[in-house]
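Undergrad: sequence plus predicted model, see below.
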Amino acid sequence: MKKVPSGMVPMIAVDRKAPEALYRQIYNAYRAAILDRRLRPGQRIPSTRSLAFELGVSRFPVLNAYAQLLAEGYLESRVGAGTVVSGSLPEQFTSSRPTGARLLAAASGTRPVSRRSSILRLERAPWLQGWGAFSVGQVAFDHFPLQVWSSLVARHCRKMSARSFHYGDQMGSLAFRETIASYLRTARALRCEARQLMIVSGSQQALEISARVLLDPGDRVWIEEPGYRYARDVFALAGCQLVPVPVDQEGLDVAAGIRLCRKARAAFVTPSHQFPLGETMSASRRLQLLDWAQKTGSWVIEDDYDSEYRYESSPIASLHGLDSNSSVIYIGTLSKVLFPSLRLGYVVIPAGLVDRFLAIRRAMDLGPPSFHQEVLADFISEGHFARHIRRMRVLYHQRRSALADSIRRELGSMVEVHGSEAGMHLTVTLPAVTLPARSRDLEIAERAARQKLWIWPLSPAYLGAASRPGFILGFGGTPVAEIPTAVRKLRNLLAGM
Ligand SMILES: Cc1ncc(COP(=O)(O)O)c(C=O)c1O
């Protein structure tokens, strides 16, 4: 049985001046809450003493009401669990009344909602529902230094002071920001200070805040085509006009962007490892992009989501590091390099915009949770972070090579593999002739999910029509030994089309 909150006092109002006896009022309120399913079977009810205290009455009416509810079968006593809502209420008791969920559906059906809320649709995506072979964004949890992490968590728990229970710095903990700033200066060639760094709930929040600060409805924004769907959603929600700019082996085609729409307000790019095709933006394209941003006064939003993982060459410096005009907003995340449930990312803000970013952020969440920032500051400064990245680079390289080999062996010329040797996913496309319909990859990904193969279809990464169907395969969380079987499964799915 699902866990239900135990012993919480339900919303009950008693009126001492009412002609109805107090015990009857309590009985009626409980009965109604049980029949409405506001109180669920198995849910523990508070002790007579606590309920009497909360209601400001003596224990007698509470004892009488509970006795009646027990006698009529609404409540039952369970050994070790106290008194709970009965698990065996007759169906006719509960089904004729509108439940909370049904009332909610009826209430929202006719009332207006914002036009903005219909910009995005929550589409079915079974490939996001599971975990295992090829799940995109899944990291190698089995290789995470859990012992070190747990001891740091325990250490921080033990030394929690009154201060750590209060609201933290709205930009993020200073110690953590200093550590991240130092990491970015050293490993990503950024020129930044801790005061320009805002800690956010993953890169997704960084995108949302950046859009609110930089963009107005109707502004045109270059997005990569194909590109990162969740970034596109943020700009669409901000009311921007999206300008899909093609990507090739050198990353975003800046000249094409200029031809399509020179005066865009911003460009969103993943230069270290284009999502999803995996190319690295060439040096000349980087310079062209910054030159365009300088000439047109546009912003460049750089999403540097998995730059730590390059296997054939050392990491490429960030666009931010090349920029001398404060035109780049740099976004990074710990979702890939540590684990995504941390929900920690950062945004490096041009010094003159820090207050605007902070004002918008304040309207959202008053600041990031502080506990894990403190833990991470130690994890990084004690060297565990750098060590973890080094180890993961070797591991992911092995996994990537095993996947590429398996694809070559099992799928041969059926697919084309895209991307430089980087990151935690690779993308395969199928020849357009094999699969003419754009949405065939959705169909296959759905069938694959039923077989616990979590491949992402490529077509949703396109704003326009996908030229070729394909799949994004995450290998970060797929051990080498499991890869051949998973690729064979994929081959059978493709062969059965
Ligand atoms: C392009 C891109 N950016 C960022 C992220 C990470 O997002 P977050 O930091 O919100 O977890 C992902 C995750 O898959 C991604 O693919």
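TA: Yep, it's here. Numbering: from 1, shown residues only.

Undergrad: the helix or strand hosting residue 26: what's the following helix or strand?
TA: For residue 26, the host element (DSSP states H and E) is helix 22-35. As assigned by DSSP H and E, the chain's next helix or strand after helix 22-35 is helix 48-55.

Undergrad: which of the residues in that next one are buried?
TA: 48, 51, 52, 55 (16 or more other Cβ atoms under 10 Å). C-betas here are computed from N, CA, C, even on glycine.

Undergrad: quick check: the residue of the stretch 1-150 of the chain nearest the ligand.
TA: For the stretch 1-150 of the chain and the ligand, the shortest gap (Cβ to the nearest ligand atom) falls at residue 137, measuring 4.1 Å.

Undergrad: what sits closest to residue 270 if chain neighbours are left out?
TA: Excluding its sequence neighbours, the residue lying closest to residue 270 (Cβ to Cβ, 6 or more residues apart in numbering) is residue 303, at 4.9 Å.

Undergrad: give me the number of residues near the one you found?
TA: For residue 303, the neighbour count with other Cβ atoms under 10 Å is 27.

Undergrad: so it makes contact with residue 227?
TA: No. Counting by Cβ atoms under 8 Å, residue 303 does not reach residue 227; the two are 9.7 Å apart.

Undergrad: returning to that earlier point: who does the residue nearest to residue 270 bridge with?
TA: Listed by DSSP bridges, the beta-bridge partners for residue 303 are residue 331.

Undergrad: give the full set of residues in contact with it.
TA: Residue 303 makes contact with 203, 207, 228, 231, 268, 269, 270, 275, 331 under the criterion Cβ atoms under 8 Å, 6 or more residues apart in numbering.

Undergrad: could you do residue 476 as well?
TA: 137, 138, 139, 140, 336, 396, 399, 424, 425.

Undergrad: which of the residues you listed fall in strands?
TA: For the contacts of residue 476, the ones inside strands are residue 425, with DSSP state E as the criterion.

Undergrad: ok so, going back, filter the contacts of residue 303 down to the ones near the ligand?
TA: Residues of the contacts of residue 303 in contact with the ligand (Cβ under 6 Å from any ligand atom): 203, 228, 270, 275.

Undergrad: before we move on, back to that, against residue 202, how distant is the residue of the stretch 1-150 of the chain closest to the ligand?
TA: 11 Å (Cβ to Cβ, to the nearest Å).

Undergrad: re the thing from before, from the buried residues of helix 48-55, which are also near the ligand?
TA: Applying Cβ under 6 Å from any ligand atom to those, none is adjacent to the ligand.

Undergrad: ok, back up a step: out of the ones next to the ligand among the contacts of residue 303, list just those in helices.
TA: residue 203 (DSSP state H).

Undergrad: which other residues reach the helix holding residue 26?
TA: Under Cβ under 8 Å, 6+ apart, the answer for helix 22-35 is 10-16, 18, 20, 39, 45, 51, 55, 57, 60-62, 64-65, 68-69, 74-75, 85-86, 89, 93-94, 97.

Undergrad: ok, 7 Å please
TA: 10, 12, 14, 16, 18, 39, 57, 61-62, 64-65, 68-69, 74, 85, 93-94, 97 (Cβ atoms under 7 Å, 6 or more residues apart in numbering).

Undergrad: over to stretch 360-374?
TA: For stretch 360-374, using Cβ under 7 Å, 6+ apart, the contacting residues are 156, 164, 167-170, 172-173, 175-176, 198-201, 209, 212-213, 342, 344.

Undergrad: again, only this time at 6 Å
TA: 156, 168, 170, 172, 173, 176, 199, 209, 212, 213, 342 (Cβ atoms under 6 Å, 6 or more residues apart in numbering).

Undergrad: on the three-state scheme, the second one is what?
TA: Secondary structure for residue 168, judged by DSSP: H, G, I helix; E, B strand; the rest coil, is coil.

Undergrad: count of neighbours near it?
TA: 21.

Undergrad: list the contacts of the closest residue to the ligand within the chain.
TA: For the chain, the residue closest to the ligand is residue 202, as judged by Cβ to the nearest ligand atom, at 2.7 Å. Residues near residue 202 by Cβ under 6 Å, 6+ apart: 333, 335, 343, 345.

Undergrad: do you know the pLDDT at it?
TA: We have a pLDDT of 97 for residue 202.

Undergrad: how about the nearest residue to it, chain neighbours excluded?
TA: residue 345 (4.5 Å).

Undergrad: same question for residue 459.
TA: residue 466 (4.2 Å).

Undergrad: which secondary structure element contains the one you found?
TA: Counting by DSSP H and E, residue 466 is part of no helix or strand.
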